[in-house]
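Enquirer: sequence? don't have it. structure:
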């Protein structure tokens with residue numbers, strides 16, 4: 001860097017350069033968002049070895065989860081309302097504000113109708129040079145929502161030095177009016193960006209607000225887990241603790257939940273992967289059936305280690321382990337059988353990516369549009385059977 005150290009700048013030059021830098025940030029961010037929108041439209045994250053645009057932004061572009069979320073959300077809104085990019089480039093509305101407004105520009109979110117250009121311009125004008133909080137109030141006035149359901153929660157605030165049964169003090173962190181709770185691994189792509197929120201209670205005089213759902217690393221291989229149970233869940237927890245008796249100390253909630261998760265994982269693996277310790281002899285497959293037998297599911301899952309098998313040209317294997325599908329290597333429509341050697345695990349994005357390479361992007365786009373409209377389910381994909389892991 002050849003620039004003059006900021007400590008040597010005069011007051012006037014310092015402020016002037018700062019304003020110039022901020023002004024340049026708008027067009028740069030707008031261009032970045034526009035590029036992201038096109039990369040996602042072409043689904044270029046798939047051949048790069050990523051199951052979603054969100055994963056691509058984090059793994060390939062090294063963005064934070066928050067930065068990736070905002071840019072993808074605004075990029076999807078901009079594809080339907082190009083005026084969004086103009087407002088961002090000219091510095092009229094900041095990225096956080098556009099993230100809030102995107103809900104009303106994106107018809108894919110919660111059935112919102114196709115945006116009216118006049119309504120988009122009106123909202124962008126009203127939001128010009130407003131803070132995030134001011135935009136929240138603006139949207140609340142124009143799109144009022146029903147009152148939050150009244151309820152009483154017994155959540156006494158703990159002192160800062162008091163440790164809970166989970167071994168971690170309650171975090172005394174700021175809680176906004178709408179606390180966003182997200183699963184950043186999956187919620188953003190390739191489908192619509194959701195914005196699930198939970199209501200944050202009014203400030204309590206005796207102590208600060210508490211986050212209700214939280215998983216945070218505390219130290220190497222140690223995590224603090226915090227959430228709220230309703231009375232039925234609390235009664236069930238107490239019932240399980242009673243059943244455990246002296247096996248698990250009453251205050252060791254972590255051990256209770258670990259045991260519960262292990263038992264539930266066995267049940268889910270039985271449903272999703274036909275996992276069992278006593279497999280039955282395989283039945284004879286009916287000719288022309290696209291059904292994937294249970295013994296094939298078990299073998300494929302073990303061989304592929306429960307992970308998408310797509311490998312990019314650079315050698316990067318997709319890391320997706322959720323929403324997997326059993327994919328035919330040789331398509332079922334072309335005579336492929338449901339055998340261990342001809343079945344592999346693929347995430348939804350890479351199943352579709354392979355299908356587009358086989359049958360053409362336009363053909364698959366038409367099939368997806370039909371499925372979205374409820375007219376018919378796609379009958380041919382790269383896997384042909386396109387058997388999802390339940």
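Expert: On my side now, so go ahead. Everything quoted here is computed from the prediction, not taken from an experiment.
Enquirer: CA only for contacts and neighbour counts going forward, please
Expert: Fine.
Enquirer: Roughly how far does residue 256 sit from residue 103?
Expert: 40 Å (Cα to Cα, to the nearest Å).
Enquirer: How about residue 267?
Expert: Counting by Cα to Cα - residue 267 and residue 103 are separated by 37 Å.
Enquirer: before we move on, what about residue 301?
Expert: Taking Cα to Cα, one finds residue 301 at 38 Å from residue 103.
Enquirer: Who has more neighbours out of these two?
Expert: Each of residue 301 and residue 103 has its neighbours counted (other Cα atoms under 10 Å); residue 301 has more, 22 against 19.
Enquirer: Domain parsing of the protein, as residue ranges.
Expert: Following automatic domain parsing, one gets these domains for the chain: 6-142, 294-388.
Enquirer: what about the longest one, how long is it end to end?
Expert: Pointing back at domain 6-142 there. Span of domain 6-142 from end to end, Cα to Cα: 44 Å.
Enquirer: before we move on, back to that, got JSON lines for the domains of the chain, with distance to residue 263 and mean pLDDT too?
Expert: Listed next are these as JSON lines, based on distance: least, Cα to Cα, whole Å; pLDDT from 0 to 100:
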{"stretch": "domain 6-142", "distance to residue 263": "29", "mean pLDDT": "89"}
{"stretch": "domain 294-388", "distance to residue 263": "18", "mean pLDDT": "81"}
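Enquirer: I'd like to know which of these is closest to residue 228.
Expert: Closest to residue 228 of those is domain 6-142 (Cα to Cα; 24.3 Å).
Enquirer: in the protein, which spans are helices?
Expert: Using DSSP state H, the helices of the chain run over 11-41, 53-59, 65-80, 83-89, 95-105, 117-126, 132-142, 231-244, 253-273, 294-304, 348-359, 361-372.
Enquirer: ok now the second one, how far from the chain's centre?
Expert: For helix 53-59, the gap between its own C-alpha mean and the chain's C-alpha mean amounts to 11 Å (Cα atoms, centre = their mean, to the nearest Å).
Enquirer: In stretch 50-69, which of the residues would be classed as buried?
Expert: By neighbour count on 16 or more other Cα atoms under 10 Å, the buried set for stretch 50-69 is 50-58, 68-69.
Enquirer: likewise stretch 251-265?
Expert: Neighbour-count burial for stretch 251-265 flags 253, 256 (criterion: 16+ other Cα under 10 Å).
Enquirer: Mind checking the pLDDT average for that stretch?
Expert: In this model, stretch 251-265 has a mean pLDDT of 86.
Enquirer: can you give me how far it is from the chain middle?
Expert: Using Cα atoms, centre = their mean, the offset of stretch 251-265 from its chain centre is 25 Å.
Enquirer: now swap in stretch 80-88 and tell me
Expert: With Cα atoms, centre = their mean, you get 24 Å for stretch 80-88.
Enquirer: Repeat that for stretch 235-248.
Expert: 34 Å.
Enquirer: List the buried residues for that stretch?
Expert: Buried, per 16+ other Cα under 10 Å, within stretch 235-248: 237, 241.
Enquirer: for it, what is the average pLDDT?
Expert: When pLDDT is averaged along stretch 235-248, the result is 87.
Enquirer: which outside residues touch that stretch?
Expert: Outside stretch 235-248, the residues that touch it by Cα atoms under 8 Å, 6 or more residues apart in numbering are 250, 255-256.
Enquirer: If we ignore the residues flanking it in sequence, what's nearest residue 318?
Expert: Leaving aside its sequence neighbours, residue 318 sits nearest to residue 49 (Cα to Cα, 6 or more residues apart in numbering; 4.8 Å).
Enquirer: do the same with residue 363
Expert: Setting aside the residues directly before and after it, residue 363 is nearest to residue 356 in space (Cα to Cα, 6+ apart), at 7.6 Å.
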